[in-house]
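# Please work out how this folds:
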Amino acid sequence: MLTGLGLITLLLGILLLDILLNITGPAVIVGTALIAAAAYEFYAMTKKRGTRPFTLLGIAACAVAFNLPWITPGKADFRLLVAAVAGVAFLLLFFRQSRANALADLAVTLFGVVYVGILASYVTGIFMFEAGGKIALFYIAVSKSSDIGGYLAGRLAGRHKLALSISPNKTIEGSLGGIALSLMAAFLLQGMLPAAVPGEWLILFALAVNIASQFGDLSESVIKRSCEVKDSAVFLPAVCGALDLIDSLLLSAPVAFYMLSMHIS
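Numbers count the residues shown, from 1 in each chain. Reported below is the predicted structural model:
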C-alpha cells in the first residue's frame, strides 16, 4: 500500500509540474518509461506460454503509440504504426530458424501493441486537451480511486466473491467501495475541469470510468491466468509490476477520453 501510494503521489506530482509550470517533458518521459516497462512485462509473461513475441519491436511500438497524440496532435493515426509493426515482424520471421508458432508470435506481438500502447495513448490524448494536465489529473484520480477503494473495502468488509475463477481476492464489497471512492474523487476534484459540470454528468463519468477500470483490472487477470502466472511483475514488484499499476487505465482511458471530448467540445 505504501509503495503504491508513493508511486501514485509521484505520478500526480509530475502532473502538477505540468499544471503549475507548463512543463510537459517530465510527464512524457515518465509515462513512456512506464508504458515500456508494462510492455516488457506483458511480453515476458506471454513467453511462459511458449510464444516468442518480438519483444523489442513491441516495446518500441508501444512507446511510439503512447506518444503519437503528442507527436501529431489531432492527427494520430495508428493504422500506419500497426502496419509497420506487422511488416517488420514478418521480416524478422525470415531470420528465425524455427517458425512453428509464427502465427502466435505475430498475434501476441500485435496484441501487446494494441493492449498496452494504443489503449494507453488515450491518456496522452486526455493530456493534450486544453488545460490537459488538470483534466488528466482528474481522470487518473477517479480511475485509481477504483483500485484504492476496492482494496480498502475488500480488506475491511469483503465477504462475497466478485469473480472467483478470474481473481479470487476481489469481492463485491470491494467493487462497491471502489465505486464509492471514485464518486467521491469526481466530486472533490471537479474544479480541475475547465468548466462547471452538472452533478449527473459527474456521477455518470465516475461510474463509467470505475466500471471500465474494474473491467481492465479483471482483463489483465484473465491474461495472467491464461499465462499461468500469479503476477506479471518484473519492475515495481511491491505493487505487482508496472502492468498491474496501469491495467485499470488501459480500458478506462478510452471511455474517459470520449466522455471528456463530448463535454469539452
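# Please enumerate the strands of the stretch 51-200 of the chain.
In the stretch 51-200 of the chain, the segments counted as strands under DSSP state E, counting those that start in this stretch are 161-163, 167-171.
# strands paired with the first one, and their directions?
Right, strand 161-163. If you go by DSSP bridges, strand 161-163 pairs up with strand 167-171 (antiparallel).
# Flag every buried residue along the partner strand.
Buried residues in strand 167-171, counted by 16 or more other C-beta atoms under 10 Å: 167, 170-171. (Each C-beta comes from the backbone N, C-alpha and C, glycine too.)
# Any idea which of the strands of the stretch 51-200 of the chain gets closest to Pro198?
Taking C-beta to C-beta, strand 161-163 is the member of those nearest to Pro198, at 30.6 Å.
# list the buried ones in that closest one?
Buried residues in strand 161-163, defined by neighbour count with 16+ other C-beta under 10 Å: 162-163.
# With stretch 198-210 instead?
201-202, 205-206, 208-210.
# Over to stretch 39-52?
So, applying 16+ other C-beta under 10 Å, buried residues of stretch 39-52: 39-46, 51-52.
# How far off centre is it?
Chain-centre distance of stretch 39-52: 18 Å, with C-alpha atoms, centre = their mean, to the nearest Å.
# Could you give the average pLDDT over that stretch?
In this model, stretch 39-52 carries a mean pLDDT of 92.
# Just give me the longest helix of the protein.
Scanning the chain for the helix with the most residues, using DSSP state H, yields helix 199-226.
# the inter-axis angle of that one versus strand 167-171?
Helix 199-226 and strand 167-171 are oriented at 160 degrees to each other (axes from the mean of the first three to the mean of the last three C-alpha atoms, to 10 degrees).
# Helix 199-226 packs against which elements?
Packing partners of helix 199-226 (3 or more C-beta pairs under 8 Å, 6 or more residues apart in numbering; DSSP states H and E): helix 25-47, helix 132-157, strand 167-171, helix 172-188, helix 242-264.
# For the closest residue to Ile172 other than its chain neighbours, give me the backbone phi and psi.
With sequence-adjacent residues excluded and distances taken as C-beta to C-beta, 6 or more residues apart in numbering, Ile172 is closest to His160, at 4.4 Å. The phi/psi pair for His160 (degrees, to the nearest 10) reads phi -100, psi 120.
# from what I can see His160 touches Thr171, true?
Yes. With contact defined as C-beta atoms under 8 Å, His160 counts as touching Thr171 (5.8 Å).
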